[in-house]
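**Q** coords please:
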Amino acid sequence: MAIYQLKQKQFLPISVEEAWDFFSSPRNLKTITPDHLGFEILSELGEKVYAGQLIQYKVRPLLGIPLHWVTEITYVNEPSYFVDEQRFGPYAFWHHKHFFKAVEGGVEMEDIVDYKLPLGVLGSIAHALFVKRQVADIFKYRNAKLDELFGKAS
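**A** Alright, predicted model coming up:
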C-alpha cells in the first residue's frame with residue numbers, strides 16, 4: 001500500500017537558535033497541536049529532545065476515541081534537524097523530519113512527513129476520505145499558531 005507524504009515550509013522572523021529552542025522542547029508540541037485532538041503527553045520529559053528518547057502520548061483523532069502513540073527521536077543534529085518516528089500508534093508507519101535553516105530575516109522551517117496507514121485498502125479509503133485532510137489541517141493549525149506566537153513576517 002501507499003506511503004503518503006506531507007511537505008511544508010514556513011518562514012518565521014526568529015533566529016535558528018530560537019526556533020531550535022522552541023521545537024526541541026517536547027513540551028511545546030501540545031502548544032502547536034489543535035485542542036480537538038485531545039493531545040496529552042504521558043512521558044516525563046527533559047528540556048530538549050535527544051536521540052533515543054521515547055515520548056508517549058494520548059491522542060483522540062477520530063470520534064474522541066483515545067489512542068496511545070509512542071514516538072522515538074531517532075536523529076538530532078542541533079540546530080539543523082531532528083527526526084521522530086512512530087514506534088506504536090495509529091499509523092502503520094510515521095517518519096517526521098524537522099529542518100531549520102537560517103535565511104535572511106529569520107528561519108525557514110521544513111517538515112517532511114512520510115506515513116502509511118494500517119488496514120490495507122480500508123486505510124487507503126480512509127486516507128482519501130479524511131486522513132489526508134486531517135494531517136494537512138493539523139499542520140495548517142500549527143503554522144497559524146507559530147505565526148501567532150512568533151509574529152508573521154510582513
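**Q** show me which helix runs longest in the chain.
**A** helix 132-150 (DSSP state H).
**Q** what are the boundaries of the helices in this protein?
**A** Using DSSP H, helices in the chain cover 16-23, 120-126, 132-150.
**Q** buried stuff in the longest one?
**A** This means helix 132-150. 135, 138-139, 141-143, 146, 150 (16 or more other C-beta atoms under 10 Å). From N, CA and C alone the C-beta is placed, and that goes for glycine too.
**Q** where in this structure is the helix or strand with the lowest mean pLDDT?
**A** Ranking every helix and strand in the chain by mean pLDDT, DSSP states H and E puts helix 120-126 at the bottom, with a mean of 89.
**Q** check what contacts it and list those residues.
**A** Identification of contacts with helix 120-126 by C-beta atoms under 8 Å, 6 or more residues apart in numbering yields 1-2, 92, 116-117, 119.
**Q** kindly report the same for stretch 56-72.
**A** 37-43, 52-55, 84-90, 94, 134.
**Q** let me know whether residue 5 touches residue 111 as I believe.
**A** No: under the criterion of C-beta atoms under 8 Å, residue 5 makes no contact with residue 111, lying 10.4 Å away.
**Q** between these two, point out the one with more neighbours.
**A** Neighbours were counted for residue 5 and for residue 111 using other C-beta atoms under 10 Å; residue 111 has more, 16 against 10.
**Q** leaving out chain neighbours, which residue sits closest to the more buried one?
**A** Leaving aside its chain neighbours, residue 111 sits nearest to residue 8 (5.4 Å; criterion: C-beta to C-beta, 6 or more residues apart in numbering).
**Q** so who does that neighbour touch?
**A** Contacts of residue 8 by C-beta under 8 Å, 6+ apart are 110-111, 139, 143.
**Q** how about these in JSON lines, adding distance to residue 128 and pLDDT?
**A** Shown next, in JSON lines, are the contacts of residue 8 (distance: C-beta to C-beta, whole Å; pLDDT from 0 to 100):
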{"residue": "110", "distance to residue 128": "25", "pLDDT": "97"}
{"residue": "111", "distance to residue 128": "22", "pLDDT": "97"}
{"residue": "139", "distance to residue 128": "18", "pLDDT": "95"}
{"residue": "143", "distance to residue 128": "23", "pLDDT": "95"}
